[in-house]
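Undergrad: what's the 3D shape of this:
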Amino acid sequence: MTASSPIDGLVEPGFEAVAEAFTHNFEAGRETGAAFCLHAGGRKVVDLVGGSFDAARSRPYGPDALQLVFSTTKGATAACANLLAQRGELDLHAPVATYWPEFAQGGKEHVPVLQLLTHQAGLPALDARLRPEEVQAWDPVVAALAAQEPFWEPGTAHGYHALTYGWLVGEVVRRVTGRTLGTYFAEEIAGPLGLEFWIGLPEEHEHRVSPIIGTLLPEGGSGSGSGLPSNFSSTLLARALNAGGAFSDPHWANRREWHAAEVPAANGITNATSLSRFYAGLVGTVEGGPAEPILTRAQVDEARTVRTFGPDRVFGSLGFDMEQHIGLGFWVANPFALFGGEGSFGHGGAGGSYGFADPENELAIGYVMNEMSMSLTGDARAHRLVESCYAAVGATPKYF
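TA: Numbering: from 1, shown residues only. The predicted structure follows:
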């Protein structure tokens, strides 16, 4: 890797345009450090890294770099619930209280597990004020959610459960399996697929984590100078992003204590290679992986069936008339989540990270970066890369 050519990695013949798109993002001044990977037919055909590990440009962003991917983590959490459903260990239509009796408080006794995955449970934000160490400890935050009354009648609307999604789904997984979400994912999905993907990062890998540069939202949660309304801090979206005040520190994303905790909606740490391999291994076989996909085709079809309709209540609090398409915990390709083919499903994260599978075109993509943009699900950087991938295989993305 040289200063004049900050790109390194694998590009198989026929995919040169993907490398050109990746290089363009740097030349346009959009990246500090980033990585991109594409699997086609279960085989890795593009695997690129480039740029600098940190804002000080102290070292290259190499293949050993790991990245916090914010809500892209939700795809891993969704996969755990889908795998349990596939194995007959979790009934998605059963009340949450079947597995987690304390959840029956506040009029939630009939809320089915499915509505946790589809962001319809009416619990997008915490009413309780919790200290960061309480949130990191898990039990206080799930106890608060169990006791809380919903913001709306569950099942009548949906709204982005930006952080609570991970604790809600994760606690169900813990009650069913006796394992934390991070442990279940490590043992049942990441381990078999050979992924470097953690929800709860071991100490020995901390030095590999590239620091996040910038924040999605302005410090203090104000809308001043950000394009957000001046009352942003009082909106339901702001509350959903702050988890009862525990995320008021704008630099939380670079702190070891948050990397070590399990926040299954927002603190997965991985790289583009593993993110792409994760989605490739969900829907098909991958080189050196298990003999069968993690999910059956029947479960994949369940996972990507759109189950939400109408405006999102949380984003609507900011005046956005946005209709998100949500399956069983995954976002399904739509004009808001530009994943590629019509049947594509996955999840994006704050600042621009991005991962999805397209079973029909046998593609899986992972993109991570350290420089944040004002984006909740991919941005021009990722979209340019996705377009070049589809062009290389002679397919057309649905919503671009």
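
Undergrad: Quick check: next helix or strand after whichever helix or strand residue 19 is part of?
TA: Residue 19 belongs to helix 16-27 when assigned by DSSP states H and E. Next in sequence after helix 16-27, counting helices and strands by DSSP H and E, comes strand 33-40.

Undergrad: now for that next one, which elements pack on it?
TA: If contacts are counted by 3 or more Cβ pairs under 8 Å, 6 or more residues apart in numbering; DSSP states H and E, strand 33-40 sits against helix 16-27, strand 43-51, helix 272-283, strand 363-369, helix 380-392. From N, CA and C alone the C-beta is placed, and that goes for glycine too.

Undergrad: where does the stretch 301-400 of the chain dip in pLDDT?
TA: 376-377 (pLDDT under 70).

Undergrad: Which parts of it are strands?
TA: Listed in chain order, the strands of the stretch 301-400 of the chain (DSSP state E, counting those that start in this stretch) span residues 331-332, 345-348, 354-358, 363-369.

Undergrad: Dump the helices and strands packed on strand 33-40 to TSV, plus mean neighbour count and distance to residue 204.
TA: Output for these, formatted as TSV (neighbours: other Cβ atoms under 10 Å; distance: least, Cβ to Cβ, whole Å):
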stretch	mean neighbour count	distance to residue 204
helix 16-27	18	29
strand 43-51	22	21
helix 272-283	28	17
strand 363-369	31	20
helix 380-392	21	30
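
Undergrad: Those: which one's closest to residue 143?
TA: With Cβ to Cβ, the closest approach to residue 143 among those belongs to helix 272-283: 30.8 Å.

Undergrad: That closest one versus strand 363-369: what angle between them?
TA: Here helix 272-283 points in a direction 150 degrees away from that of strand 363-369 (axes from the mean of the first three to the mean of the last three Cα atoms, to 10 degrees).

Undergrad: With distance to residue 134 as new columns, can the helices and strands packed on strand 33-40 be given to me in CSV?
TA: As requested, the helices and strands packed on strand 33-40 are exported to CSV (distance: least, Cβ to Cβ, whole Å):
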stretch, distance to residue 134
helix 16-27, 39
strand 43-51, 36
helix 272-283, 30
strand 363-369, 29
helix 380-392, 34
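
Undergrad: still on that earlier bit, rounded mean pLDDT for the helix holding residue 19, please.
TA: Per-residue pLDDT over helix 16-27 has a mean of 97.

Undergrad: which stretches of the stretch 1-150 of the chain aren't confidently modelled?
TA: Looking at the stretch 1-150 of the chain by pLDDT under 70, you get 1-5.

Undergrad: residue ranges for the helices of it, please.
TA: Under the criterion DSSP state H, counting those that start in this stretch, the stretch 1-150 of the chain contains helices at 16-27, 73-86, 96-99, 113-117, 132-136, 139-147.

Undergrad: so which of the strands of the stretch 301-400 of the chain gets nearest residue 7?
TA: Using Cβ to Cβ, these put strand 363-369 closest to residue 7, at 13.7 Å.

Undergrad: partners of that closest one in the sheet?
TA: strand 33-40 (antiparallel), strand 354-358 (antiparallel) (DSSP bridges).

Undergrad: would you turn those into CSV with distance to residue 241?
TA: Listed next are the strands paired with strand 363-369 as CSV, based on distance: least, Cβ to Cβ, whole Å:
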stretch, distance to residue 241
strand 33-40, 23
strand 354-358, 19
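
Undergrad: Residue 67: what's it in contact with?
TA: By Cβ atoms under 8 Å, 6 or more residues apart in numbering, the contact set of residue 67 is 35, 209, 210, 269, 270, 271, 353, 368, 369, 370.

Undergrad: circling back to that earlier point, quick one: closest of the helices of the stretch 1-150 of the chain to residue 170.
TA: Of the helices of the stretch 1-150 of the chain, nearest to residue 170 by Cβ to Cβ is helix 73-86, at 6.5 Å.

Undergrad: Could I have the CA atoms of the closest one written out in CSV?
TA: Extracted in CSV, the C-alpha atoms of helix 73-86 (Å, rounded to 0.1, in the frame of the first residue of the first chain):
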residue,chain,number,x,y,z
THR,A,73,-25.3,-5.4,14.0
LYS,A,74,-29.0,-5.9,13.9
GLY,A,75,-28.6,-8.4,11.0
ALA,A,76,-26.6,-10.7,13.2
THR,A,77,-29.2,-10.4,16.0
ALA,A,78,-32.0,-11.2,13.5
ALA,A,79,-30.1,-14.2,12.3
CYS,A,80,-30.0,-15.6,15.8
ALA,A,81,-33.7,-15.4,16.2
ASN,A,82,-34.3,-16.8,12.7
LEU,A,83,-32.0,-19.7,13.4
LEU,A,84,-33.9,-20.5,16.7
ALA,A,85,-37.2,-20.3,14.8
GLN,A,86,-35.9,-22.6,12.1
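
Undergrad: now it, how far from the centre of its chain.
TA: Its chain's C-alpha centre and that of helix 73-86 lie 12 Å apart, by Cα atoms, centre = their mean, to the nearest Å.

Undergrad: returning to that earlier point: redo the strands of the stretch 301-400 of the chain as CSV? Include distance to residue 47.
TA: Below are those laid out as CSV (distance: least, Cβ to Cβ, whole Å):
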stretch, distance to residue 47
strand 331-332, 24
strand 345-348, 18
strand 354-358, 14
strand 363-369, 9
